[in-house]
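S.K.: below: sequence and its predicted model.
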Amino acid sequence: MTYHHFLSAIAAQVRPKKYLEIGVNKGHTFNYVAPYAAEAHAVDPNPRVIKRIGHVPSVVWHNMKSSDFFKKGCPDGLDMVFIDGWHKHETSYADFEGVFPHVINNGLIFLHDTYPKNPHFLAENLAWDTWKTALKIKNEYGDVCECTTLPFWKGLTIVRKIAKDKQLAWGMYA
């Protein structure tokens, strides 16, 4: 199983009304997850990406850097987000901070490349220092989210946004 399949299985259960993916690249994850979403936003500065994902009927294409996307205006009501853009801690954390206010309570945010399995994966073209983002989220957002990092697929961090002092959201997902 790959992380694409894992995220697809989550999306099949959640059936997101609004899905956002930052850093679409080859489109593998987007093409696995977006079909389960009523509205699927794709953010990537590479104009060729649309050719890889344009067949998805629910796609809303944002051909720009994530920083420009947040300046333009991120949609509200996101219930599933996948962040796999630039693998620099400052950028991935800025993506998280940009999207977090737009995620509903009980919404899920996934960050890729947050657990490099050895020093080789700290290279700029691999996981780099995105692992710092997961740690910072745990330290700074611990009262409004649950956060865990799976130690495979170069790391996949799962963040569930929760209302302060709440655990259950009855009727959120049927």
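M.R.: Received the coordinates, thanks. A quick note: this is a predicted structure, and the numbers were derived from the prediction, not measured.

S.K.: I would like the residues contacting the helix or strand hosting Y19, please.
M.R.: Element membership of Y19 [criterion: DSSP states H and E] is strand 18-22. With contact meaning CB atoms under 8 Å, 6 or more residues apart in numbering, strand 18-22 is reached by 11, 29-30, 33-34, 36-44, 66, 69, 74-75, 77-85, 95, 99. No exception for glycine: its C-beta is placed from N, CA and C like everyone else's.

S.K.: helix or strand next in line after it, which one?
M.R.: According to DSSP H and E, the helix or strand after strand 18-22 is helix 28-33.

S.K.: helices or strands next to that next one in the packing?
M.R.: Packing partners of helix 28-33 (3 or more CB pairs under 8 Å, 6 or more residues apart in numbering; DSSP states H and E): helix 3-14, strand 18-22, strand 39-43, helix 49-53, strand 78-83.

S.K.: got the CA positions of it in CSV?
M.R.: Extracted C-alpha coordinates of helix 28-33, given in CSV (Å, rounded to 0.1, in the frame of the first residue of the first chain):
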residue,chain,number,x,y,z
HIS,A,28,-1.0,10.6,-8.2
THR,A,29,-2.5,11.5,-4.8
PHE,A,30,-4.9,14.0,-6.4
ASN,A,31,-6.2,11.4,-8.9
TYR,A,32,-6.7,8.9,-6.1
VAL,A,33,-8.4,11.3,-3.6
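
S.K.: relative to the whole chain's centre, how far out is that helix?
M.R.: Its chain's C-alpha centre and that of helix 28-33 lie 12 Å apart, by CA atoms, centre = their mean, to the nearest Å.

S.K.: before we move on, the earlier item: pipe the helices and strands packed on helix 28-33 into a markdown table and attach mean pLDDT, distance to K117 and mean neighbour count per row.
M.R.: Shown next, in a markdown table, are the helices and strands packed on helix 28-33 (pLDDT from 0 to 100; distance: least, CB to CB, whole Å; neighbours: other CB atoms under 10 Å):
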| stretch | mean pLDDT | distance to K117 | mean neighbour count |
| --- | --- | --- | --- |
| helix 3-14 | 97 | 14 | 17 |
| strand 18-22 | 98 | 23 | 27 |
| strand 39-43 | 98 | 27 | 23 |
| helix 49-53 | 94 | 27 | 17 |
| strand 78-83 | 98 | 20 | 25 |
